[in-house]
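# Got a sequence here, can you model it:
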Amino acid sequence: MNKSTTLKRTVQKKLIAYFERDKKNYIKIGILGTHSTGKTTLGHTIMSYLKENHIIVGWVGEIVRDIPASVNDLSAFLSQYWVINAQINKEIERQSNNNVVVTDRTVIDNFAYAKRSANKNSISKKNLHVLETICRNWAETYDFLFYTQRTNYPIENDNFRSVNLQFQIEIDEMIKGIINDWNIKVVKLAGKYNERFEKVLETLNKHPKLNLKK
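Numbers count the residues shown, from 1 in each chain. Below is the predicted model of the structure:
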């Protein structure tokens, strides 16, 4: 076994040990899905409900809205690299002083957008592999992952997100493919909004550290 392989395995073991130890101090809830599927609204509802149950909650909003330069002024790789690392850094910040962290998007759906860029030849296979390695490892740090499925409602025009239906569908397919390829356990949320929220509460109540009122 060469030194490079030994070092890689050592780093992996230390990361796994860190995550297992650190998870005891907080619970992280990730909400993922393509754009305009109600993730933000659902996330705020979850936060409010947890606060009503006297749980200290931290929020990680949609990172791409905070990018410090126009996406068009950066290469596709640098844009996606910034978003993914900013997502991770913000999650780390929030976990330090909260019992629960709720994230609007995760590294999983962030990677879906990067993968689509790669399919359009905007990101090289080598650089995509860099992003995938980061995201695939970080995906293991979420305690709960709620995947919001597409609806038949029109895409809301908020002067930021794309209203292109085909783009929304492509990202959704990318996310489902990543979930399958990485063998990620997610809770699929479908139906009306109240049905989705009830499914979330039913799932969260199974965690021994959460004792939520009905």
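# What separation do you get for residue 96 and residue 26?
Separation of residue 96 from residue 26 (C-beta to C-beta, to the nearest Å): 8 Å. For glycine as for every other residue, the C-beta is placed from the backbone atoms N, C-alpha and C.
# which one of the two has more residues nearby?
residue 26 (18 against 11; other C-beta atoms under 10 Å).
# Assess the claim that that one and residue 93 are in contact.
No: using C-beta atoms under 8 Å, residue 26 and residue 93 do not qualify as a contacting pair, with a distance of 11.8 Å.
# any idea which helix or strand comes after the helix or strand bottoming out on mean pLDDT in the chain?
Least confident helix or strand, the chain: helix 3-22 with a mean of 62, by mean pLDDT, DSSP states H and E. Next in sequence after helix 3-22, counting helices and strands by DSSP states H and E, comes strand 27-32.
# what about the strands in the protein?
27-32, 57-60, 100-104, 144-148, 187-189 (DSSP state E).
# which other helices and strands contact the shortest one?
In terms of contacts (3 or more C-beta pairs under 8 Å, 6 or more residues apart in numbering; DSSP states H and E), strand 187-189 is packed against strand 144-148, helix 193-204.
# Report how many residues lie close to the nearest residue to residue 156 once chain neighbours are set aside.
Nearest non-adjacent residue to residue 156, counting by C-beta to C-beta, 6 or more residues apart in numbering: residue 36, 5.6 Å away. Residue 36: 21 surrounding residues under other C-beta under 10 Å.
# re the thing from before, among the strands of the chain, which is nearest residue 128?
strand 27-32 (18.8 Å; C-beta to C-beta).
# quick one: contacts of that closest one?
39, 42-43, 46, 91, 95, 99-106, 108-109, 141-148, 175, 186, 204, 207, 209-210 (C-beta atoms under 8 Å, 6 or more residues apart in numbering).
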